[in-house]
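Colleague: Return a 3D structure for these sequence lines:
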Amino acid sequence: MKKTLLIISSLILLSGASCDDFLALEPTESAAAETAINTAADAGVAINGVMASMASSYYYGRDFFLYGDVKGGDVTIVSQGRGRDVLYSFNHSATSNAFGSFWSQIYYCLLQVNNLLENISRLEGEGKGSDELDNYKGQALTLRALMYFDLARLYGKPYTENGGASLGVPMPLAVLDVYAKETRKTVAENYTQILKDLKDGEALLPEKVSQGYIDYYANKAIQARVYLFMGNTTAALAAAEEIISDNEYALYENNKWVDSWSSEFGSESIFELGIYENEADLGTSSLGYYYMRLRKISGADGNFVASTGYISLLAEDPDDVRHGIMDYDETSNSRMGACNKYTGNDLKGDKGSPSAVNIKIIRLSEIYLIAAEAALPTDRDTAAYYLNQIRKRAPNLGKVTASEVSLDLILAEKSKEFYSEGLRFFDMMRLGRTVYFDDSLLWPAVIPHRSGSVDRSFYKAILPIPQAELDANPAIVSQQNAGYN
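Modeller: The predicted structure is shown next:
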């Protein structure tokens with residue numbers, strides 16, 4: 001369903017002059033929020049506005065997926081200076097290349113969500129509650145959980161490293177005034193609230209598919225992700241299997257997989273953000289342009305290509321359907337390192353444009369691989385079964401047996417399936433794995449800000465709190481991530 005991707009004026013007023021000033025709002029703006037939303041229809045418009053903000057190039061529209069892939073070893077660069085390559089080089093400090101746009105954009109989205117939830121609470125107190133309003137409340141709670149989950153992974157150490165004892169992110173659950181000086185919660189506290197929001201939201205969402213919006217199954221899918229990142233395999237498997245067994249979604253057949261990138265809201269799409277021409281279309285700043293071959297079309301700068309390791313992994317089966325979205329890169333007419341997944345493969349996107357292409361946040365194939373990983377410690381037969389459903393994409397590799405199934409095989413399959421979808425680095429960090437980089441295409445092949453490999457002990461495996469936020473909020477100066485002080 002096409003959305004009106006406009007942020008209502010009251011929310012714009014609420015945001016202030018700059019997203020960077022999230023934790024220093026003017027008191028008058030909080031007063032304006034009290035009359036921003038008066039009906040369920042207003043709440044619906046506000047949800048559209050939140051998702052439009054999430055589709056920004058500074059969040060899911062580009063940078064968040066780039067962060068998860070470019071740092072994960074499946075991606076490399078041919079030349080430095082083409083844009084966003086500092087993600088690959090880990091050239092981060094609090095004052096330079098801090099990617100503070102993550103902080104400001106996601107907290108801006110949270111501002112919108114908290115404003116919406118406060119207004120819904122007000123309407124409920126006035127006796128104006130309804131099933132429709134409950135639905136929007138459930139969506140808002142789920143989106144808030146997803147945003148804090150993303151922030152915690154960007155700025156906090158993995159939950160699995162120390163049970164969440166390290167610092168995470170500030171977690172305001174209401175619109176703040178100018179005097180608020182929020183401090184960082186622990187990662188464990190972040191996850192406790194994330195799960196609370198997800199459970200509260202789950203109870204309000206109807207069990208039906210709602211394309212382009214958060215629904216019950218999108219909530220469950222996010223739960224499966226969160227539990228997996230906590231190492232709670234029992235809960236992750238339960239959430240994943242509920243989605244699979246309800247049969248509301250279906251895996252793409254092999255002859256449909258490539259074409260799925262040329263259409264919106266396919267049978268695997270559990271949650272995707274709608275992006276339309278003239279409505280949040282990011283043009284040459286879109287994700288697809290960053291993975292296209294240099295000068296394939298005007299504005300394609302060849303920013304990122306597949307690493308040699310990834311190409312070799314995919315080459316295990318020349319009939320693997322996932323070759324279908326790869327393209328030769330600038331280094332030769334045979335090295336298949338460019339990716340056309342987010343241009344719809346045929347440069348027509350999913351609506352006729354190479355840049356106005358929906359962002360697929362969660363797909364059913366991820367749920368199968370979550371189920372495989374979560375089942376592995378206790379039920380190898382089940383783990384092998386779920387892995388094999390995705391392994392079918394490579395028809396010549398054959399099925400994995402219960403005795404053969406392993407975390408390495410599951411991760412390899414996840415790598416092949418989700419190239420350019422922002423999962424790899426986060427998975428490697430939560431599992432305590434080492435990421436190896438392919439710097440061989442660079443000349444000179446020197447990255448001064450990291451070695452040839454990175455694990456989660458490297459302080460730059462998480463981002464610094466941006467200096468602008470430290471300046472605006474002295475209460476967290478002492479809470480800067482170690483190594484960036």
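Colleague: Show me the strands in the stretch 351-485 of the chain, by range?
Modeller: For the stretch 351-485 of the chain, the strands defined by DSSP state E, counting those that start in this stretch cover 359-363, 435-436, 453-454.
Colleague: Show me what the first one is in contact with.
Modeller: For strand 359-363, the external contacting residues (C-beta atoms under 8 Å, 6 or more residues apart in numbering) are 55, 60-61, 65, 218, 221-222, 225, 268-273, 275, 287, 342, 421. C-betas here are computed from N, CA, C, even on glycine.
Colleague: Could you tell me which of those residues belong to helices?
Modeller: Residues of the contacts of strand 359-363 located in helices (DSSP state H): 65, 218, 221-222, 225, 287.
Colleague: Any figure for the gap between Leu110 and Asp63?
Modeller: Taking C-beta to C-beta, to the nearest Å as the measure, Leu110 and Asp63 are separated by 17 Å.
Colleague: brain fart, Arg225
Modeller: On the measure of C-beta to C-beta, Arg225 and Asp63 end up 19 Å apart.
Colleague: same thing with Gly127?
Modeller: 43 Å.
Colleague: More neighbours: which of those two?
Modeller: Between Gly127 and Asp63, counted using other C-beta atoms under 10 Å, the more crowded position is Asp63 (23 against 6).
Colleague: got the contact list for that one?
Modeller: By C-beta under 8 Å, 6+ apart, the neighbours of Asp63 are 57, 84, 99, 101-102.
Colleague: try 10 Å
Modeller: 56-57, 70, 84, 87, 99, 101-102, 105, 285, 287, 290, 422 (C-beta atoms under 10 Å, 6 or more residues apart in numbering).
Colleague: what's the domain layout of the chain?
Modeller: Using automatic domain parsing, the domain parsing of the chain gives 1-205+452-485, 249-422.
Colleague: Okay, now the last one: how far is its last residue from its first?
Modeller: Going back to what we said before, that points to domain 249-422. End-to-end distance for domain 249-422: 22 Å, by C-alpha to C-alpha, to the nearest Å.
Colleague: Based on its surroundings, how many neighbours for Glu161?
Modeller: Quick note: Glu161 (other C-beta under 10 Å) scores 16 neighbours.
Colleague: show me what contacts it?
Modeller: So Glu161 contacts 187, 429-430, 432, 456-457 (C-beta under 10 Å, 6+ apart).
Colleague: Mark which of those are buried, thanks.
Modeller: Neighbour-count burial (16 or more other C-beta atoms under 10 Å) applied to these gives 187, 429-430, 456.
Colleague: Correct me if wrong: Ala384 contacts Glu413.
Modeller: No - at 11.6 Å, Ala384 and Glu413 do not qualify as touching, with contact defined as C-beta atoms under 10 Å.
Colleague: got the domains of the chain as a markdown table, with mean pLDDT and distance to Glu242 columns?
Modeller: Output for the domains of the chain, formatted as a markdown table (pLDDT from 0 to 100; distance: least, C-beta to C-beta, whole Å):
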| stretch | mean pLDDT | distance to Glu242 |
| --- | --- | --- |
| domain 1-205+452-485 | 87 | 11 |
| domain 249-422 | 96 | 10 |
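Colleague: before we move on, back to that, which one of the ones in helices among the contacts of strand 359-363 is nearest to Leu176?
Modeller: Looking at the ones in helices among the contacts of strand 359-363 and their distance to Leu176, the nearest is Ile222, at 24.9 Å (C-beta to C-beta).
Colleague: Please, which helix or strand holds the nearest residue to that closest one once chain neighbours are set aside?
Modeller: Spatial nearest neighbour of Ile222, excluding adjacent residues (C-beta to C-beta, 6 or more residues apart in numbering): Leu146 at 5.5 Å. When elements are assigned from DSSP states H and E, Leu146 belongs to helix 131-155.
Colleague: How far does that helix sit from its chain's centre?
Modeller: Chain-centre distance of helix 131-155: 13 Å, with C-alpha atoms, centre = their mean, to the nearest Å.
Colleague: Show me what it is packed up against.
Modeller: Under the contact definition 3 or more C-beta pairs under 10 Å, 6 or more residues apart in numbering; DSSP states H and E, helix 131-155 sits against helix 40-54, helix 63-70, helix 100-125, helix 187-202, helix 216-230, strand 269-273, helix 424-430.
Colleague: can you tell which of the ones you listed is closest to Val400?
Modeller: Closest among these, using C-beta to C-beta: helix 424-430, at 18.8 Å.
Colleague: How about the contacts made by Thr160?
Modeller: Listed by C-beta under 10 Å, 6+ apart, the contact set of Thr160 reads 187, 228-232, 429-432, 456.
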